[in-house]
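K.L.:
Predicted model and sequence below, questions to follow.
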Amino acid sequence: MNQNSVSGATAETSAAPQMKTPSRGYSVLKRAMDLVFSVLLLLLAGIPMLLIALVIRLDTHGSAIFTQTRVGRGGREFACYKFRTMRTDAPHYCAKKDLENADAFITRTGKLLRNTSIDELPQLFNIVRGDMSFIGPRPLIPEETKVHKLREAYGVYQLRPGISGYAQVHGRDMISDKEKAELDRYYLEHFSFLTDMKILFGTVFKVLKAEDIHQGAVESEEND
């Protein structure tokens with residue numbers, strides 16, 4: 001997404017009310033759909049996920065799945081699951097864009113997993129647990145204080161975080177923290193089934209085109 005598009009989207013969010021309460025009816029329906037589809041996907045992807053885990057173990061030290069503390073609904077912390085994509089000696093709690101020579105810490109398997117977003121598959125377990133949704137603001141690590149404060153002010157923490165969100169299809173790490181938070185607020189203001197479907201198809205489009213690939217935060221090994 002170009003800068004003009006981001007500016008247009010964030011301008012819309014600036015005109016929105018300070019805080020809005022998401023529809024309770026759609027929240028209940030969304031949770032039901034999340035639960036049904038996450039269980040179905042786990043049944044379908046169970047064997048492929050085991051094979052991926054085996055390949056990761058052959059490619060790097062440490063467990064195939066790592067946990068990292070993230071901030072979820074209501075500002076509560078939870079353990080977020082992902083396939084390991086970085087070496088165990090990577091610095092902890094640091095965004096890839098802020099890490100010098102970050103690519104050197106990504107494993108051979110990890111690069112492919114990140115580029116295809118397959119590394120996010122273990123988060124299906126987070127959805128079943130109720131920590132996350134398929135669509136919602138991406139969960140932050142506790143150290144991202146600037147975005148946390150903006151999200152709190154905008155009421156974004158009324159929502160469950162998601163595997164993909166509005167900001168992820170509008171620039172991902174290519175936009176500023178303030179723009180990310182404003183895009184999260186825009187999602188809250190337009191919380192609906194139609195918005196979620198747009199984000200879902202937008203995410204598929206981004207992954208297929210490998211645009212604005214999100215490298216995320218460097219993995220913490222403290223819970224392995």
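P.N.:
Good, I have the coordinates.

K.L.:
Phi, psi for the residue positioned nearest the centre of the chain please.
P.N.:
The C-alpha lying nearest the average C-alpha coordinate of the chain belongs to R138 (C-alpha atoms, centre = their mean; 3.6 Å). R138 adopts backbone torsions of phi -60, psi 130, taken as degrees, to the nearest 10.

K.L.:
Ok, T69 next?
P.N.:
According to degrees, to the nearest 10, T69 has phi -70, psi 130.

K.L.:
and I163, how many neighbours?
P.N.:
Number of residues near I163 (other C-beta atoms under 10 Å) recorded here: 22. C-beta here means a position set from N, CA and C on the backbone, and glycine is covered the same way.

K.L.:
in terms of contact, does the residue nearest to the centre of the chain touch H170 like I think?
P.N.:
No - when contacts are counted by C-beta atoms under 8 Å, R138 is not listed as touching H170 (12.0 Å).

K.L.:
Against A167, how distant is the residue nearest to the centre of the chain?
P.N.:
According to C-beta to C-beta, to the nearest Å, R138 and A167 sit 7 Å apart.

K.L.:
in this protein, which ranges drop under the pLDDT threshold?
P.N.:
Flagging of the chain using pLDDT under 70 yields the residue ranges 1-18, 89-104, 172-173, 210-224.

K.L.:
residues contacting the residue nearest to T21 when sequence neighbours are not counted?
P.N.:
Excluding the flanking residues, the one nearest T21 by C-beta to C-beta, 6 or more residues apart in numbering is Q158, at 6.7 Å. Residues near Q158 by C-beta atoms under 8 Å, 6 or more residues apart in numbering: 21-22, 73-74, 188.

K.L.:
how many neighbours does V36 have?
P.N.:
Based on other C-beta under 10 Å, the number of other residues close to V36 is 10.

K.L.:
er, R108 I mean
P.N.:
9.

K.L.:
so who does it touch?
P.N.:
By C-beta under 8 Å, 6+ apart, the residues touching R108 are D59.

K.L.:
Okay, it and M49: tell me how far apart.
P.N.:
19 Å.

K.L.:
Can you mark which positions in the lengthiest helix in the chain are buried?
P.N.:
Identified as the longest helix of the chain according to DSSP state H is helix 24-59. Going by neighbour count (16 or more other C-beta atoms under 10 Å), the buried part of helix 24-59 is 27, 30, 34, 38, 41-42, 49, 52-53, 56.

K.L.:
before we move on, the earlier item: buried only: go through the contacts of Q158 for me.
P.N.:
If we count by 16+ other C-beta under 10 Å, the contacts of Q158 have these buried: 22, 73, 188.

K.L.:
Quick check: closest non-adjacent residue to the second one.
P.N.:
Spelled out, that is R73. R73 sits nearest to R160 (C-beta to C-beta, 6+ apart), 4.8 Å away.

K.L.:
Tell me the gap between the longest helix of the chain and the middle of its chain.
P.N.:
Taking C-alpha atoms, centre = their mean, to the nearest Å, one finds helix 24-59 lying 14 Å from the centre of the chain it belongs to.
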